[in-house]
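Asker: Build the 3D model from these lines:
(chains A and B)
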Amino acid sequence: MSVPAALRAAVLALLIALPFFAQRPSRPAEVARLGGGDLRALLSAALDTPPGAVVRTETSPPAPVELALLEAVSARAPLGVALPEAPPAVRVIAAPDRARVGRWGAIAFVVRGEPGESLSVTLSAGESVVDSLGVAIGPAGETAAAFRVRPARAGWHEWSVGARGASASAGAWVAAARPPRVLLATGAPEWESRFAARALEEAGVTVVTSQLLGRGLEIGEPFPQTREALRSYDVVVLAAGAPLPPARLALLERYAGEDGGGILVAGASAALPALGIAERSRSARALRGDALQWMLPAEMVALPTAAILSDGQVLEGLRPGAIAGAATADGAPLVALRAHGRGRVAAVGVLESWRWRMEEGRLGQHRDYWSGLVDWLSSGLRDPVIARLPAPEGAVGIPIELTVHAGGATAPSLRLARPGRAAEPLALVGDRSEPGAFRAAFLPVDTGVHLLSSGDSLLAAYRATGSLAPAPEAAANLSLLASRSGGAALPRDSLAAWLAAWRPAEGGGAGDERRLLALVALAALLAAAEWAVRRSRGLR
Amino acid sequence: MSAAFVFATARYQSGDWDSAPLVPANLVHSLAQYTDIEVAPEGVVVDLGSPQLFRHPFVFLTGHLPVRFDAAESRNVRAFVERGGLLFIDDHNHDIDGAFHRSATLELHRLFGAAALQPLPKEHELYRSFFVFEDGPPTTSHELNGWGDGLVHRELYAVSFGGRIGVLYSNKDYASEWNYHAVNKRFLGTDNTRFGVNVLVYALTR
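Answerer: Residues are numbered from 1 along each chain as shown, chains lettered A, B, ... in the order given. Have a look, this model is predicted:
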């Protein structure tokens, strides 16, 4: 190629490139200020002409989708983000699990404050405060506690836990349920089973007794002889001294393990090792009611501290999986709880709880103690098909994977009813690692309650909300993005000062203009050179 | 501690609370004889106005003389029934115009209201809790002999709480009927403490 031709080509190339340089912003044209949930603005900042800088003023941690968009934006513009504020004063850590009408459930929460501080925490349903309790903040600056709830109607329930002006919500689907049906099997009559039956009946529980009087006489119903007959009860209470021949014990093992029933064993019994609770029990000295230690699950109620002497049995050799729910002052277990197959079993060594009622007049606590035991025991997996969700609620657009347990290798028929729509079948895939288990998934696209059913049985419910859960390590990742983008993570009230300082320092518009002028001058110079060469060679 | 049933007799400030001292032994004997219920061989006496009352969910009270509960006794009797205890009151006079009957029923009216004490129908489960008494409460020999008011009382009375008997009241003078020396029981054609077993089984099971 001749020199003039090369110069012409260079000029042409520069002229073609000039518009692209001209498109770069000469100054930071705008500053995008984004709220935490302002995804539309964030998407625009990520895809359209980038602003000079992006500022996120929200102090709440971003959701995964927001974090991904911020990452895209941070590649194009400096990111200034507000540091998260101190963790919320209260947060819910567990909503009622498998909640049912008339049964006790628990809302567990953590409340933060100054070590040693005493706080009042409230539980609200709708606009009404339905419960409150005082908590003392521990040395770590937080304390875990729980409210007990007993929903009166079926459907979606929403509660709010409030403390120090902050609140956190908890939601759960409450399934319709009839009152628990309890079979109270006893030996010869004694006060404990008489008062237990009274307490349970006062709590709305249906109690059927099977009681031996001696001389071949029996009160109430004969003890069921078949699994089918036993399945009509939610819980079987074996009072101290209740006869337990081997065939009955075998029947009870299958009732709990395979049919999801609940069994309460009071005192010494062959059922203790057979149901995997403890090796044995031994007679305790008179239990002092003011020295018992209670560690029951939150939905259960301990007997109150009282100067009472009670007959008792201490459990020895707790089996793996059994947890102590109460102990003597020196730590010997008195109450033990555990899952047994699909069901639940418990052993109780406090054999005269009626004294709390008669001697101390604690009628309410005695009633709640017994109904709490029965409600917990009746929460086994009684339905033939069980569906388990990872959480009771979450944001739309997040896929939900669930596990379904069925009795055999055949996948059950599962249907999903989305909010306001007809039920649709849901595909199940067998889980090779767990016989009888199947996996399924669905994507909530509308807010509202999604119902999962099999046949006529409602298995589970999932509530899709419009709000997104925070991304894992959201605050740390956000700070990292800000740093990489040339921006900063600052306290919220410092962001304005950062912007003011950033604009003159980072404003690249003047440099761009200079580069543009240099390119134009270079093109003119090359064109002049080409013209000079042509003239010197006598070319036209 | 023991879960055995302990027969408790109420001691109250007015009247003659210990007018039938042999009743506990006879009823305890019958309870052990007919049922598998674990029974303490000795009964106890509890002051009606003391906290000891609440250690015994069944308490027997009788006497001939006028009854007037003091403040502590009144408070305890009401709480005892509300908490689930059963107080069995028997008129040792067997006389509806007698001092015990008039004063005891007045006290029950005062504590539980005028309408609280109601007759028990003969179909009540008390009459079927162990032995079956088709005609309601069994007649006592003192009624048949024309003692007291000379009447055969057809029914017992009760103050009910939560659908169960809290106070069982009798004009039939079971205190006299059951207040014999234990060795004399062998001379009875029919054991007359069988209804006492019903009362105790009812208390322990309902």
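
Asker: what residues are up against the residue most central in space within chain B?
Answerer: When chain B is reduced to its mean C-alpha position, the closest residue under Cα atoms, centre = their mean turns out to be residue B:88, at 2.8 Å. Contacts for residue B:88 were tallied using Cβ atoms under 8 Å, 6 or more residues apart in numbering or on different chains; they are B:58, B:59, B:60, B:61, B:167, B:168, B:170, B:199, B:203. For glycine as for every other residue, the C-beta is placed from the backbone atoms N, C-alpha and C.

Asker: Three-state assignment for it, please.
Answerer: Assigned state for residue B:88: strand (three-state reduction, DSSP: H, G, I helix; E, B strand; the rest coil).

Asker: Tell me the bridge partners for it.
Answerer: With DSSP bridges applied, the residues forming beta bridges to residue B:88 are residue B:60, residue B:168.

Asker: Quickly note the distance from it to chain A.
Answerer: For residue B:88, the distance to chain A under the criterion Cβ to the nearest Cβ, to the nearest Å works out to 16 Å.

Asker: could I get the contacts of residue B:88 as a markdown table with distance to residue A:530?
Answerer: Formatted as a markdown table, the entries for the contacts of residue B:88 read as follows, by distance: Cβ to Cβ, whole Å:
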| residue | distance to residue A:530 |
| --- | --- |
| B:58 | 124 |
| B:59 | 125 |
| B:60 | 130 |
| B:61 | 130 |
| B:167 | 125 |
| B:168 | 127 |
| B:170 | 134 |
| B:199 | 128 |
| B:203 | 122 |
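
Asker: just checking, what packs against the helix or strand containing residue A:184?
Answerer: Using DSSP states H and E, the secondary-structure element containing residue A:184 is strand A:181-186. Applying 3 or more Cβ pairs under 8 Å, 6 or more residues apart in numbering or on different chains; DSSP states H and E, one finds that strand A:181-186 makes contact with helix A:191-202, strand A:206-214, strand A:235-238.

Asker: so where's chain B uncertain?
Answerer: Per-residue confidence of chain B (counting by pLDDT under 70) places the weak regions at B:1-2, B:186.

Asker: Residues of it that sit close to chain A?
Answerer: Those residues of chain B that sit near chain A, judged by Cβ under 8 Å from any Cβ of the partner chain, are B:1-3, B:5, B:34-38, B:51, B:54-55, B:57, B:79-80, B:82-85, B:129-130, B:162, B:164, B:201, B:204-206.

Asker: Among those, the buried ones, what's the ChimeraX command?
Answerer: Here is the ChimeraX command that selects the buried residues among the residues of chain B next to chain A (16 or more other Cβ atoms under 10 Å in any protein chain shown):
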select /B:3,5,34,35,36,37,38,54,55,57,80,83,84,85,129,130,164,201,204,205,206
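
Asker: can you tell me which of the residues of chain B next to chain A are in strands?
Answerer: Assigned to strands by DSSP state E, the following of these qualify: residue B:164.

Asker: Let's see which of the residues of chain B next to chain A end up in helices.
Answerer: Among the residues of chain B next to chain A, the members falling in helices are B:34, B:79, B:80, B:82, B:83, B:201, B:204, B:205 (criterion: DSSP state H).

Asker: from chain B, which residue is nearest to chain A?
Answerer: When Cβ to the nearest Cβ is the measure, chain B has its nearest residue to chain A at residue B:36, with 3.1 Å between them.

Asker: And the strands in the stretch 51-200 of chain A, which stretches?
Answerer: Per DSSP state E, counting those that start in this stretch, the stretch 51-200 of chain A carries strands over the ranges A:53-56, A:79-82, A:90-94, A:105-112, A:118-125, A:128-136, A:142-149, A:155-163, A:166-174, A:181-186.

Asker: Can you redo these as TSV, where the extra columns are mean neighbour count, mean pLDDT and distance to residue A:358?
Answerer: Formatted as TSV, the strands of the stretch 51-200 of chain A follow (neighbours: other Cβ atoms under 10 Å in any protein chain shown; pLDDT from 0 to 100; distance: least, Cβ to Cβ, whole Å):
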stretch	mean neighbour count	mean pLDDT	distance to residue A:358
strand A:53-56	25	83	64
strand A:79-82	26	87	61
strand A:90-94	18	88	36
strand A:105-112	22	93	29
strand A:118-125	16	94	32
strand A:128-136	13	94	28
strand A:142-149	19	94	25
strand A:155-163	19	92	35
strand A:166-174	20	89	35
strand A:181-186	24	97	18
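
Asker: ok, now which ones touch residue 169?
Answerer: Looking at chain A here, since you left the chain open. Residue A:169 sits next to A:92, A:158, A:159, A:160, A:161 when contact means Cβ under 8 Å, 6+ apart.

Asker: not quite, I wanted chain B
Answerer: Contact analysis of residue B:169 by Cβ under 8 Å, 6+ apart lists B:89, B:90, B:91, B:104, B:105, B:108, B:117, B:156, B:157, B:158, B:159.

Asker: That's all I had, so thanks and see you.
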